[in-house]
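**Q** structure for the following, please:
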Amino acid sequence: MAPSMHRNAAKRVAVVGAGTSGLAACKHLLARGFRPVVFEAGASVGGLWTRTLASTRLQSPHVAYRFSDFPWPEGVDWFPRHHQVVDYLAAYSRRFGVDECVRFRSRVVAAEHVGEDDDAGDAELWAGNGEAFGAGVWRLTVQHGDSDATQMYEFDFLILCIGRFSGVPNIPAFPPNRGPDAFRGRVLHSMDLSDMDDADAAALVKGKRVAVVGSGKSAYDIAAECAEANGVEHPCTTVCRSPQWIVHDTEVWGKVNLGYLFVNRFAELMVRKPEAGMVSSLLATLLAPLVRNT
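**A** Presented below is the predicted three-dimensional model:
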């Protein structure tokens, strides 16, 4: 083993989160001789992909969403379903020995840097000279399992791989008596619904009049699942702050999906504008067939 590998093995490195980025971080740490510890709050690897709605799929083709050194298995859907993504991430974890480093059901509730020159700014956390390991340590407070008790750990380096959606719902502030407290029905955040089993989530919305507030991806996924459960008898209402332009998935002219032309600046050329010049009007006329076909 090279001397640098020996030195790396002596360094204590913690990774928080066993989702896509956490697995990759651990894999590369192992390849460089480190022996990292990965703290994962859930019971398996996969991050958010383990807590999704039944209809959730990867929005990109699988060839565009993969680890460079680990191909997808044969027969996977072009837009994989969420359980296929979880299986892929679990296979990656097994292939590179990441599983052995993960402590499941271990939630990091606090992280504190302790050491010299803590008041000198973020640069000091990198030893002030571009080196990753300085004089201080990272002290993590971790809850294991369902216990309220915590345990302290110290590491030389900390990598946060918790992503943007790490279990903290984005709930707006409401005026007094004008929010969920004044609503006589049940109020759920999309994260709460995603955490349910598929059968429980479907049973919850079955036969109910559902209003979905928001216009993000999860909002339309929930609306689609409500439509699947209730049909036209109990239509789902989506409430958006601003008008949305939803592109459907119609393919025309072979395999060219012209609907995606409407989500960029090219779409402006298809619309006739008041007092537009001759070139703009001519382009709008020539491109009119695209509007009719999409």
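**Q** which helix or strand contains residue 200?
**A** Here residue 200, judged by DSSP states H and E, is contained in helix 198-205.
**Q** that helix packs against which elements?
**A** Contact here means 3 or more C-beta pairs under 8 Å, 6 or more residues apart in numbering; DSSP states H and E; on that basis helix 198-205 packs against helix 190-194, helix 217-230. Glycine gets a C-beta too; all of them are placed from N, C-alpha and C.
**Q** show me the shaky parts of the stretch 151-294 of the chain.
**A** Low-confidence segments of the stretch 151-294 of the chain, defined by pLDDT under 70: 165-167, 244-268, 290-294.
**Q** need the helices and strands packed on helix 198-205 in a markdown table with mean neighbour count, can you?
**A** Below are the helices and strands packed on helix 198-205 laid out as a markdown table (neighbours: other C-beta atoms under 10 Å):
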| stretch | mean neighbour count |
| --- | --- |
| helix 190-194 | 18 |
| helix 217-230 | 18 |
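**Q** want to try TSV for the ones you listed, with distance to residue 27 as columns?
**A** Shown next, in TSV, are those (distance: least, C-beta to C-beta, whole Å):
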stretch	distance to residue 27
helix 190-194	27
helix 217-230	28
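**Q** so what touches the helix or strand that contains residue 283?
**A** Assigned by DSSP H and E, residue 283 belongs to helix 278-286. Helix 278-286 has contacts (C-beta atoms under 8 Å, 6 or more residues apart in numbering) with 269-273, 276.
**Q** please repeat the previous calculation with a cut-off of 6 Å.
**A** 269, 272 (C-beta atoms under 6 Å, 6 or more residues apart in numbering).
**Q** ditto for stretch 184-195
**A** Here stretch 184-195 makes contact (C-beta under 6 Å, 6+ apart) with 51-53, 169, 180, 201, 218.
**Q** please indicate which of those are buried?
**A** By neighbour count, with 16 or more other C-beta atoms under 10 Å, the contacts of stretch 184-195 hold 51-53, 201, 218 as buried.
**Q** ok, now which ones touch the closest residue to residue 99 other than its chain neighbours?
**A** Spatially, and ignoring its direct neighbours in sequence, residue 99 is nearest to residue 93 (5.0 Å; C-beta to C-beta, 6 or more residues apart in numbering). With contacts defined as C-beta under 6 Å, 6+ apart, residue 93 is in contact with 23, 45, 99.
**Q** and residue 102, how many neighbours?
**A** Residues lying near residue 102 (other C-beta atoms under 10 Å) number 20.
**Q** tell me the contacts of it?
**A** Residue 102 makes contacts with 18, 38, 40, as judged by C-beta under 6 Å, 6+ apart.
**Q** and it, bridged to which residues?
**A** Judged by DSSP bridges, the bridge partners of residue 102 are residue 38.
**Q** relative to residue 41, how far out is it?
**A** Residue 102 is 11 Å from residue 41, where distance means C-beta to C-beta, to the nearest Å.
**Q** before we move on, what about residue 208?
**A** Residue 208 is 30 Å from residue 41, by C-beta to C-beta.
**Q** who has more neighbours, those two?
**A** Ranked by neighbour count (other C-beta under 10 Å), residue 208 and residue 41 place residue 41 first, with 19 against 14.
**Q** please parse this protein into its domains.
**A** 3-160, 180-239, 258-293 (automatic domain parsing).
**Q** packed most tightly, which of the ones you listed would that be?
**A** Among these, domain 3-160 has the highest mean neighbour count (mean count of other C-beta atoms under 10 Å), at a mean of 16.
**Q** picking up where we left off before, convert the C-alpha atoms of the helix holding residue 283 to PDB, please.
**A** The C-alpha coordinates for helix 278-286 follow below in PDB (Å, rounded to 0.1, in the frame of the first residue of the first chain):
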ATOM      1  CA  MET A 278     -41.900  41.600 -41.300                       C
ATOM      2  CA  VAL A 279     -39.200  39.000 -40.400                       C
ATOM      3  CA  SER A 280     -40.900  38.200 -37.100                       C
ATOM      4  CA  SER A 281     -44.300  37.900 -38.800                       C
ATOM      5  CA  LEU A 282     -42.900  35.700 -41.600                       C
ATOM      6  CA  LEU A 283     -41.300  33.300 -39.000                       C
ATOM      7  CA  ALA A 284     -44.500  33.000 -37.100                       C
ATOM      8  CA  THR A 285     -46.300  32.100 -40.300                       C
ATOM      9  CA  LEU A 286     -43.700  29.500 -41.300                       C
END
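**Q** low-confidence ranges, the stretch 1-150 of the chain, go.
**A** 1-7, 116-134.
**Q** tell me where it has strands.
**A** Along the stretch 1-150 of the chain, counting by DSSP state E, counting those that start in this stretch, strands occupy 13-16, 37-39, 102-103, 106-114, 137-144, 150-155.
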